[in-house]
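Peer 1: task: produce atomic coordinates for the following.
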Amino acid sequence: MDTDDKCVFAEIQELSRDLFDRFYHTVLEPAFPPEELEDIETVRALHHQPPGAVPGLVALRAGEPVGGALGEHYRDGNIVLLAYLAVRADCRGTGIGSALLERALPSWRRLLTPAAVVAEVEDPRGRCAGPHGDPEARLRFYERAGAKVLPLRYFQPSLAPGLPRARGMFLLCLDPWRESVPRDALLAFLDEYMEAAEGPEARRADPEYLELRGELDAWPEDVPVSPLSQAAQLLAAGELLIPENTG
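Peer 2: Residues are numbered from 1 along each chain as shown. Predicted structure coming up:
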């Protein structure tokens, strides 16, 4: 554990079962719509008991969970996905989210030396602030953290049978120093993610997935990343972040 003036930060496997349950119900559940959040037993199995390959971090205040950062390692491409970053609604805007990133990301990079750390974030166009947070504020947070956007019309696969895919998403790179990400690492990540979420047949034959994969495969060896401010300008102008020359 480590502390700052107001919070204690603990790896998620240090939490008791009851405290983990409170973290899920009071931090994660209010922060994500159902299609973007796995059920509590799945999250427990991936991140809590047994501990996941990527050590999740939880912020505690007065002994109660107020935030958390959970990652997943996709070994085929050596990509780390920031699966969940959330702060309890009454504690947002107090620096807890930034403190979680500042502690979790360097730890994950030291442990796994990934090709990139990525995150899925809602495109705020056409979305308003609601019970799960403010998409525009969330994007500004990631911009301040140095995140960059990958040139994909991205969607999150269905996380469970009966749940819709989360469409209208950005895939971000959370490594501020990178100008690009290896294409083959991203392709392997997408394939592994899609197969784990929806099965091998969806990975091989689903038209929407193959279109997404084709956008990525059209790039040469390295896929450029753009500052979020530039991405917003391009999208506002109706321009697509895809290669000019796919031949």
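
Peer 1: use CA for all of it now, contacts and neighbours both
Peer 2: Will do.

Peer 1: partners of the longest strand along the chain in the sheet?
Peer 2: Across the chain, the strand with the greatest residue count (assigned by DSSP state E) is strand 64-74. If you go by DSSP bridges, strand 64-74 pairs up with strand 57-61 (antiparallel), strand 79-87 (antiparallel).

Peer 1: run the chain-centre distance for that strand.
Peer 2: Distance, stretch centre to chain centre, for strand 64-74: 10 Å (C-alpha atoms, centre = their mean, to the nearest Å).

Peer 1: if we can go back for a sec, could you dump the strands paired with strand 64-74 into CSV with distance to residue 105 added?
Peer 2: Formatted as CSV, the strands paired with strand 64-74 follow (distance: least, C-alpha to C-alpha, whole Å):
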stretch, distance to residue 105
strand 57-61, 10
strand 79-87, 9
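
Peer 1: would CSV of these with distance to residue 222, mean neighbour count and mean pLDDT be doable?
Peer 2: As requested, these are exported to CSV (distance: least, C-alpha to C-alpha, whole Å; neighbours: other C-alpha atoms under 10 Å; pLDDT from 0 to 100):
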stretch, distance to residue 222, mean neighbour count, mean pLDDT
strand 57-61, 31, 23, 97
strand 79-87, 15, 22, 97
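
Peer 1: give me the number of residues near residue 63?
Peer 2: By the measure other C-alpha atoms under 10 Å, the count of residues near residue 63 is 10.

Peer 1: residue contacts, it?
Peer 2: Contacts for residue 63 (C-alpha atoms under 8 Å, 6 or more residues apart in numbering) come out as none.

Peer 1: for residue 23, see how far away it is.
Peer 2: Computed as C-alpha to C-alpha, to the nearest Å, the residue 63 to residue 23 distance reads 11 Å.

Peer 1: run the chain-centre distance for stretch 105-116.
Peer 2: With C-alpha atoms, centre = their mean, you get 15 Å for stretch 105-116.

Peer 1: ok, and for it, which residues are buried?
Peer 2: Neighbour-count burial for stretch 105-116, counted by 16 or more other C-alpha atoms under 10 Å, picks out 105, 108-109, 114-116.

Peer 1: which two among those residues are spaced furthest apart?
Peer 2: Greatest spatial distance among those (C-alpha to C-alpha): 105 and 115, at 13.0 Å.

Peer 1: residue 37 contacts residue 157, doesn't it?
Peer 2: No: at 11.3 Å, residue 37 does not count as touching residue 157 under the criterion of C-alpha atoms under 8 Å.

Peer 1: any idea what the spatially most central residue of the chain is bridged to?
Peer 2: Centroid-nearest residue in the chain, with C-alpha atoms, centre = their mean: residue 119, separated by 2.8 Å. Here residue 119 sits in beta bridges with residue 82, residue 172, going by DSSP bridges.

Peer 1: so what's it up against?
Peer 2: Applying C-alpha under 8 Å, 6+ apart, we find residue 119 in contact with 81-83, 171-174.

Peer 1: and stretch 179-188, how far from the chain's centre?
Peer 2: 16 Å.

Peer 1: so which bits of that stretch are buried?
Peer 2: 180-188.

Peer 1: for residue 183, see how far away residue 218 is.
Peer 2: 9 Å.

Peer 1: sorry, that was for residue 195
Peer 2: 18 Å.

Peer 1: and the furthest pair within the buried residues of stretch 179-188?
Peer 2: Greatest spatial distance among the buried residues of stretch 179-188 (C-alpha to C-alpha): 180 and 188, at 15.9 Å.

Peer 1: which of the buried residues of stretch 179-188 fall in helices?
Peer 2: Using DSSP state H, the subset of these located in helices is 183-188.

Peer 1: can you put the residues you listed in JSON lines and add pLDDT and distance to residue 69?
Peer 2: JSON lines is the format used below for these (pLDDT from 0 to 100; distance: C-alpha to C-alpha, whole Å):
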{"residue": "183", "pLDDT": "97", "distance to residue 69": "26"}
{"residue": "184", "pLDDT": "98", "distance to residue 69": "26"}
{"residue": "185", "pLDDT": "98", "distance to residue 69": "23"}
{"residue": "186", "pLDDT": "98", "distance to residue 69": "21"}
{"residue": "187", "pLDDT": "98", "distance to residue 69": "24"}
{"residue": "188", "pLDDT": "98", "distance to residue 69": "23"}
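
Peer 1: appreciated, that's everything.
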